[in-house]
Structures are given as C-alpha cells and as structure tokens.
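Chemist: Output the structure for:
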Amino acid sequence: MDIYLVGGAVRDALLGRPVVDRDWVVVGATPDDMLAAGYKPVGKDFPVFLHGDTREEYALARTERKTGRGYHGFAFHADPGVTVEQDLERRDLTINAIARHEDGHLVDPFHGARDIENRLLRHVSPAFVEDPVRLLRVARFAARYAPLGFRVADETMALMRRMVDDGEVDHLVPERVWAETRKALAEPMPQVFLRVLRETGALRVLFPEVDALYGVPQRPEFHPEVDTGIHVELVLQAAATLAPGDALVGWCALTHDLGKALTPADVLPRHIMHEQRGIEPVRALCARLKVPSDYAFMAEMVCKHHLNAHMALELKPATVLRLLDALGALRRPERLDTFLLACLADKRGRLGSESASYPQADYLRACRAAAASVTSRPFVDKGLQGPAIGEAMKTAQVAAIAAVPKPLS
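Modeler: Alright, predicted model coming up:
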C-alpha cells in the first residue's frame with residue numbers, strides 16, 4: 001500500500017499558499033485492506049475512506065470512463081493495479097495532477113510544477129472535454145490565481161470553446177453551475193470568471209442575462225467605461241475588494257444592472273427605469289440556477305433599489321423608511337450592510353471612481369438606527385391598540401429619520 005498526498009494540497013504548497021484541506025490517494029489496496037487498517041468508508045460512487053484520527057479523505061486510486069452526457073455520465077474503476085499516474089490522468093488541470101509520496105518525492109507526469117512556474121492553467125488530457133463542470137472550474141481557478149499572474153493556456157481555451165460548440169455545457173445541472181459560481185464570486189478576482197466564460201462562449205449559454213450586457217452603452221459622464229459588461233466586471237472587482245470572500249455581495253454586484261440589457265435602443269445610452277426592468281431577469285436567473293432564497297432576495301433588492309441608495313441624501317424620510325422596510329433592515333441590520341456594500345461597489349465600479357466616497361452608507365445606517373430606536377411601549381401606554389400602534393410607530397420612525405443630520409457632501 002502506497003499513500004500519496006494529491007490535488008490542491010500539493011499545488012498550494014508549491015505556490016507557498018496555506019494548505020487548508022488535504023486529500024490522499026491509496027495505491028495497491030482493496031476496500032477490505034482499508035477497513036482492516038481502521039479506515040471508515042464514506043464513498044458512494046467509488047471507494048473513499050476517512051482516516052480514524054485526522055478524518056481526512058483517502059480514496060483508492062481509480063480510473064474513469066465516459067458513459068454518457070454531463071457530470072454524472074462516468075463509470076469508475078478502482079483496484080490495486082491502478083497506478084498513481086493513472087489516477088492523476090483523470091484530473092482536470094496539470095497543477096492539480098501532482099502527487100507527493102509519503103517519503104516526500106513528487107509524482108508529476110503532466111508537468112504541473114512547470115506550469116505553476118509558468119503561471120499556466122492547462123488541461124491534463126483530451127478527456128478534459130468529457131466533464132463540463134471542468135470548464136467552470138477552470139474559470140474559477142482563473143479568478144483565484146489571476147492575482148499571481150496565472151492565465152488559461154491557449155490550447156485549453158480552445159478545448160473549452162469546443163465543449164461549448166459541441167453542446168456539452170448544455171448538460172450542466174443548475175446545482176453545479178451555482179456551486180461553482182458561488183465559489184468563483186468569493187475569489188479575489190471574480191471578474192476573471194466572467195471573462196473566461198465569455199471568451200469560451202459559455203457565458204451566453206449559462207448566463208445569457210449577463211452576457212447581454214456586453215456592448216450595451218452607458219452615458220460616459222457617469223460611466224467612463226461606457227460598456228455595461230465592463231462596468232459589471234469593475235463592480236465585481238470592487239465588491240471583492242470591499243468584501244473579500246463574500247459571495248452574497250458578489251452575486252448582488254453581478255446582477256444589479258441586468259435591466260440595462262432591456263433598455264429600448266432609441267433611448268440609449270440613458271437607462272431610465274433599468275432598475276425596474278432588471279427585476280424579471282434577476283428572478284429568472286435565480287430561479288433557473290436554483291439560487292438560495294437569501295441570495296435571490298438580496299439580488300432583487302439591490303437591482304430594484306440601488307439608485308435609491310445613491311440618492312439617499314435627497315430622499316424624503318418616508319421614502320427612506322420604505323427602503324429600510326423593503327430590505328427588512330430594522331430586524332435584520334446585516335441586510336442593510338450587504339445592500340450598502342453592493343451599492344458602494346456599484347459606485348466604485350467605474351473608471352476613475354475606484355476610491356470614491358459614499359456618505360450615503362453612513363447616512364442610511366444612521367437612519368436605520370434612528371428608526372429602530374422607536375418602540376411600541378409609549379403608544380401602548382397611551383392606550384393605542386392594534387393597527388393604530390403600527391401607524392403611530394411609523395409616524396415616529398419618519399420623524400426620527402427626519403432628525404438624522406445629513407453629511408455635508
């Protein structure tokens with residue numbers, strides 16, 4: 001029995017990054033051997049075991065064979081004769097196809113260490129095309145490692161275009177698309193995820209609402225970048241800077257301007273009512289990808305109300321209260337925080353505005369605190385009952401918001 005550390009742990013160690021999870025491959029063993037050694041079985045589709053002490057995963061070396069379309073269309077084969085090189089060959093990228101033996105030596109049949117040095121994301125074999133999830137994974141890895149200078153190898157990009165042209169991407173299930181997207185939005189440069197998908201043609205298949213934004217012009221005095229698709233990329237980068245690792249803010253940033261793709265051509269580059277037009281495509285995208293309810297809710301709120309946030313200092317107190325009520329922010333202040341981060345990302349996601357101030361955020365937080373300080377007790381003590389209490393509280397909340405001082409700029 002030979003045991004190898006594989007995958008991300010080896011890759012990240014070679015990159016000098018912290019190793020978070022460790023996965024192992026076992027060569028020359030049977031399931032009975034693993035059970036006899038005290039490992040606990042957990043794999044359903046192929047033999048995977050948990051170490052009794054570390055709880056880390058140990059998988060028997062295996063090969064795989066394509067049997068049908070999509071992510072589930074594979075048959076796996078594991079027996080003691082499968083080599084570590086054969087196991088590595090089924091992996092997606094060369095940087096993920098490196099193993100380290102227990103004695104410390106590297107097994108690197110596909111030159112992953114060299115690709116790490118050259119900052120290349122390159123596929124292991126032509127079998128890459130058999131699993132459409134790999135296209136999303138490459139785009140996600142590009143978003144993760146772009147700050148280190150990584151790019152997708154030309155031959156891999158060509159292979160991913162072929163996957164799109166052959167319709168393999170059409171068989172991705174929503175849950176997998178969302179899982180990879182959610183992870184990508186938490187990466188340091190999530191806009192690179194979009195760029196890779198767009199360059200391969202996968203963006204128009206998986207995210208047509210987003211793809212439609214590219215080429216749509218905006219008023220240059222407000223958006224020097226002009227192109228709405230580029231604006232969304234800049235907003236994603238701003239979101240990742242303001243809220244590192246926060247996929248919820250990233251999702252709101254990605255979807256906040258979907259309505260601009262629906263602006264009638266005769267009024268461009270103005271986008272009157274784009275926040276209202278965006279609600280339906282946001283709902284359609286969230287429903288199609290089976291996005292969690294909190295993500296769907298906040299995306300719709302940011303789409304619908306981000307202009308209200310930008311104009312917060314000009315809003316009437318009653319309008320501010322309606323905004324806070326729509327967000328449910330009086331009971332859940334974290335929703336206001338997410339909303340304001342996404343709105344600030346929108347403000348900064350414009351050429352030349354990367355460090356723009358946003359006094360609206362502090363003002364709206366102060367308004368929320370003022371409104372939340374109003375309680376029902378004084379009105380109950382006055383003898384009010386039922387709906388009258390709610391009406392009196394609302395009047396008091398509006399008055400409290402009206403008393404909040406507005407910043408000078």
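Chemist: Looking at the chain, which helix is longest?
Modeler: helix 293-310 (DSSP state H).
Chemist: Show me the contact partners of that helix.
Modeler: 248, 251-253, 255-259, 275-276, 278-279, 282-283, 286-287, 291, 315, 319, 323, 326-327, 335, 338-340, 342-343, 346-347, 360-361, 364 (Cβ atoms under 8 Å, 6 or more residues apart in numbering). Every C-beta, even on glycine, is put in place using the N, C-alpha and C of the backbone.
Chemist: I'd like to know which of those are buried.
Modeler: Neighbour-count burial (16 or more other Cβ atoms under 10 Å) applied to the contacts of helix 293-310 gives 248, 251-253, 255-259, 275, 278, 282-283, 286, 291, 315, 323, 327, 335, 338-340, 342-343, 346-347, 360-361, 364.
Chemist: which residues does the spatially most central residue of the chain contact?
Modeler: The centroid of the chain falls nearest to Leu185 when counting by Cα atoms, centre = their mean (2.4 Å). By Cβ under 8 Å, 6+ apart, the residues touching Leu185 are 193, 236, 247, 250-251, 254.
Chemist: And for Ala243?
Modeler: 249-250, 341, 345.
Chemist: what ranges do the strands span in the stretch 1-150 of the chain?
Modeler: For the stretch 1-150 of the chain, the strands defined by DSSP state E, counting those that start in this stretch cover 2-6, 23-27, 40-41, 48-50, 57-60, 62-66, 74-78, 99-101, 106-107, 120-121.
Chemist: Now the closest residue to His306 other than its chain neighbours: which helix or strand?
Modeler: Of all residues not flanking His306 in the chain, Cys343 sits nearest, at 5.0 Å (Cβ to Cβ, 6 or more residues apart in numbering). Assigned by DSSP states H and E, Cys343 belongs to helix 333-348.
Chemist: just checking, what packs against the helix or strand just after that helix?
Modeler: Heading C-terminal from helix 333-348, the first helix or strand you meet, by DSSP H and E, is helix 359-372. On a contact count with 3 or more Cβ pairs under 8 Å, 6 or more residues apart in numbering; DSSP states H and E, helix 359-372 meets helix 293-310, helix 317-327, helix 333-348, helix 387-402.
Chemist: Would you mind giving the domain segments of this structure?
Modeler: The chain resolves into domains spanning 1-122, 132-206 when parsed by automatic domain parsing.
Chemist: shouldn't Leu236 be in contact with Trp251?
Modeler: No. Counting by Cβ atoms under 8 Å, Leu236 does not reach Trp251; the two are 9.9 Å apart.
Chemist: So, low pLDDT: which residues of the chain?
Modeler: 44-46, 65-77, 409 (pLDDT under 70).
Chemist: The stretch 151-300 of the chain: helices as residue ranges?
Modeler: Using DSSP state H, counting those that start in this stretch, the helices of the stretch 151-300 of the chain run over 154-165, 174-185, 190-200, 202-206, 208-211, 228-242, 247-255, 274-277, 279-288, 293-310.
Chemist: nope, the stretch 1-150 of the chain is what I was after
Modeler: 8-15, 31-36, 84-89, 112-118, 133-145.
Chemist: Dump the third one to PDB, restricted to CA.
Modeler: What follows is helix 84-89, C-alpha atoms only, in PDB (Å, rounded to 0.1, in the frame of the first residue of the first chain):
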ATOM      1  CA  VAL A  84      -0.900   6.800  -9.200                       C
ATOM      2  CA  GLU A  85      -0.100   8.200 -12.700                       C
ATOM      3  CA  GLN A  86      -3.400   6.700 -14.000                       C
ATOM      4  CA  ASP A  87      -5.300   8.300 -11.100                       C
ATOM      5  CA  LEU A  88      -3.700  11.700 -11.800                       C
ATOM      6  CA  GLU A  89      -4.500  11.400 -15.500                       C
END
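Chemist: from memory Gly250 sits against Lys183, does it?
Modeler: No. Using Cβ under 8 Å, Gly250 is not in contact with Lys183, being 10.3 Å away.
Chemist: So which of these two has more stuff around it?
Modeler: In terms of neighbours (other Cβ atoms under 10 Å), Gly250 is the more surrounded of Gly250 and Lys183; the figures are 28 against 18.
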